[in-house]
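Novice: Give the three-dimensional model of this entry:
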Amino acid sequence: MFHRASQYLLSLSLLLTGTACRNLAADPEASRKRIDAQVEQAVTHVGSGELALARTELAGVLEQAPHHPGALKVQTCVLLELGALDEAARTVTRLQSLTPDEPEVAVLAALVEQRRQTPTPDWREALVQAWKRVGRPDLKDAERFPQPLPDRESFVDTVWKRTQSVEARFTAALADTASDAQQQWLADHLPGLDAPDLLLAAHEYFRPSPDAAALNDVRRKVRESLRRKLEPLNAGASTSEGPLLLLLGESAKDAPLTREDIQALERIAALPRYRSLALAQGGANAKRRLVSAGITPRPARLFQAAVVSMPLDATLVLKKRVEATKTRLSTEERIRLGQAVFTLGERIAAGSTLVDRMVGLSQMRQGAELMDDPEKLAQVARDLEQARAVFQATSSLQVDTWPLPSLQDAWLKAALDDEWKHLSTLVVP
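Specialist: Numbers count the residues shown, from 1 in each chain. A predicted model of the protein is given here:
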């Protein structure tokens, strides 16, 4: 019985293989699209943690197209994820023989070697070392890893179906793109929130936008309501993001600062910190709110929600209003304003995110220019050069395209803990 079943399966396999080969010859473009879709399905399985299904899908692809570079890339990643390092090494060697000049493959091969070391470096450190080892190539224009199939349902739609919690739904909107109807629902419910971090985030989320003109009247009304809740919460605050938002959030960007504005800005700059929450705490809050509603978010969603929840619009308004003001001031007033702007920039730049570092340093440069302080200007220029190098290195590595869940989790965890410290290692020799 077993022998007959085996013969049947073998005959069926040969028949299907023969059919596939005939189809490949008859319509190579349709076959290519079908095979590419199978590879994308394998990547989708990897993202869902279904590694066995991914291996099965890839095995089928490589039977039909043994030299498919995308399938070999993903197979190498699956084997790395499973800890099958010898198999991963053989697969990536085969891949290198097919694509000897592809920088992404060179980094992948170096990553396999890093993971085979004893003691094994952690995933984040292994990738950084691998990238440096092959000359820090720029992967922005490289042949990228195959990507997963498009989601059948957006993250925000999934959350919307599972819960009516305002906190969870708004957190999902921060991590994804909400529809106009969903934004209208949030506009109706967000003013009832009490959490200060969500109120600040909601005020920025509902800023008027030329790309969403139909909702701008709604947005203005929501901000007015949120502002009334924020004012008592920020009276006597020890952090400056809320008071700065209340000072400048609704003002015209080209309006010169008044003397009262400058005095208020000096008081705000004297506060000891800019952010009320660190990025890690923002991620933890997002996770708690989603998990309490029965949703288990991926780290990328938590990172997105945490970053978007950190207001920065007021700093951009400040920069433009300072530019509109500086020619109207006496030398003494320029120095006073410059000192306040520089100090506030220092507070912002002390944050743990790359964007805080960039925005804060830009503010410090504006302040140093107002003070006409060449020493401060030189130091800020050096710090900005480093920040730009970190940004360039981050863009070059394209980590978010790698189908390696362990790497993604380690990378995003390090970013949530301290993104600036984490990314700065990319420019260290």
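Novice: From Glu332, how far off is Asp372?
Specialist: 12 Å (CB to CB, to the nearest Å). The way it works is simple: take the backbone N, C-alpha and C, and place the C-beta from them, glycine included.
Novice: Look at the two and report which has more neighbours.
Specialist: A direct count of neighbours by other CB atoms under 10 Å for Asp372 and Glu332 places Asp372 higher, at 12 against 8.
Novice: which residues sit in contact with the more buried one?
Specialist: Arg334, Ile335, Gly338 (CB atoms under 8 Å, 6 or more residues apart in numbering).
Novice: could you check the distance from it over to Leu279?
Specialist: Where Leu279 is concerned, Asp372 sits at a distance of 34 Å (CB to CB).
Novice: Then Ala381?
Specialist: Distance from Ala381 to Leu279, by CB to CB: 26 Å.
Novice: Likewise for Ala181?
Specialist: 30 Å.
Novice: residue ranges with poor pLDDT in the stretch 1-150 of the chain?
Specialist: 1-26 (pLDDT under 70).
Novice: Could you check which of Ala181 and Leu279 has the larger neighbour count?
Specialist: Under the criterion of other CB under 10 Å, the comparison of Ala181 against Leu279 puts Leu279 first, with 23 against 9.
Novice: Hmm, that one is touching Val308, no?
Specialist: No - assessed by CB atoms under 8 Å, Leu279 is found out of contact with Val308, at 11.2 Å.
Novice: picking that back up, using JSON lines, lay out the contacts of Asp372 together with pLDDT.
Specialist: Below are these laid out as JSON lines (pLDDT from 0 to 100):
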{"residue": "Arg334", "pLDDT": "97"}
{"residue": "Ile335", "pLDDT": "97"}
{"residue": "Gly338", "pLDDT": "98"}
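Novice: Please list all residues in contact with Ser395.
Specialist: Here Ser395 is in contact with Asp138, Lys140 (CB under 8 Å, 6+ apart).
Novice: After whatever helix or strand it lives in, which helix or strand is next?
Specialist: Assessed by DSSP states H and E, Ser395 sits inside helix 374-397. Moving toward the C-terminus from helix 374-397, the next helix or strand (DSSP H and E) is helix 405-424.
Novice: got the CA positions of that next one in PDB?
Specialist: Extracted C-alpha coordinates of helix 405-424, given in PDB (Å, rounded to 0.1, in the frame of the first residue of the first chain):
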ATOM      1  CA  PRO A 405      11.900  38.700  12.200                       C
ATOM      2  CA  SER A 406      14.600  38.300  14.900                       C
ATOM      3  CA  LEU A 407      16.600  41.100  13.200                       C
ATOM      4  CA  GLN A 408      13.600  43.400  12.900                       C
ATOM      5  CA  ASP A 409      12.600  42.800  16.600                       C
ATOM      6  CA  ALA A 410      16.200  43.400  17.900                       C
ATOM      7  CA  TRP A 411      16.600  46.500  15.700                       C
ATOM      8  CA  LEU A 412      13.300  48.100  16.700                       C
ATOM      9  CA  LYS A 413      13.800  47.300  20.400                       C
ATOM     10  CA  ALA A 414      17.200  49.100  20.300                       C
ATOM     11  CA  ALA A 415      15.600  52.000  18.500                       C
ATOM     12  CA  LEU A 416      12.800  52.300  21.100                       C
ATOM     13  CA  ASP A 417      15.300  52.100  23.900                       C
ATOM     14  CA  ASP A 418      17.500  54.900  22.500                       C
ATOM     15  CA  GLU A 419      17.300  55.400  18.800                       C
ATOM     16  CA  TRP A 420      20.200  57.900  18.600                       C
ATOM     17  CA  LYS A 421      22.600  55.700  20.600                       C
ATOM     18  CA  HIS A 422      21.600  52.700  18.500                       C
ATOM     19  CA  LEU A 423      22.000  54.300  15.100                       C
ATOM     20  CA  SER A 424      25.200  56.200  16.100                       C
END
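Novice: List the buried residues for it?
Specialist: 405, 407-408, 410-416, 418-420, 422-424 (16 or more other CB atoms under 10 Å).
Novice: Just the angle for that helix relative to helix 374-397, thanks.
Specialist: 160 degrees (axes from the mean of the first three to the mean of the last three CA atoms, to 10 degrees).
Novice: by contact count, what packs against helix 405-424?
Specialist: For helix 405-424, the elements it packs on are helix 123-133, helix 279-291, helix 299-308, helix 354-371, helix 374-397, judged by 3 or more CB pairs under 8 Å, 6 or more residues apart in numbering; DSSP states H and E.
Novice: In a markdown table, list those along with distance to Gly345.
Specialist: As requested, the helices and strands packed on helix 405-424 are arranged in a markdown table below (distance: least, CB to CB, whole Å):
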| stretch | distance to Gly345 |
| --- | --- |
| helix 123-133 | 29 |
| helix 279-291 | 19 |
| helix 299-308 | 19 |
| helix 354-371 | 3 |
| helix 374-397 | 8 |
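Novice: where's Asp356 relative to Leu174, distance?
Specialist: Counting by CB to CB - Asp356 and Leu174 are separated by 17 Å.
Novice: still on that earlier bit, out of the buried residues of helix 405-424, which comes closest to Glu104?
Specialist: The closest of the buried residues of helix 405-424 to Glu104 turns out to be Leu407 (CB to CB; 13.8 Å).
Novice: Can you name the residues that contact the closest one?
Specialist: Trp123, Arg124, Leu127, Val399.
Novice: Narrow the contacts of Asp372 to those in helices?
Specialist: In this view, those that belong to helices under DSSP state H are Arg334, Ile335, Gly338.
Novice: Just the buried ones among those residues, please.
Specialist: Arg334, Ile335, Gly338.
Novice: Would you mind confirming that the first one is in contact with Glu369?
Specialist: Read it as Arg334. No - using CB under 8 Å, Arg334 is not in contact with Glu369, being 9.4 Å away.
Novice: anything in contact with each of those two?
Specialist: Overlap between the contact sets of Arg334 and Glu369, as judged by CB under 8 Å, 6+ apart, is nil.
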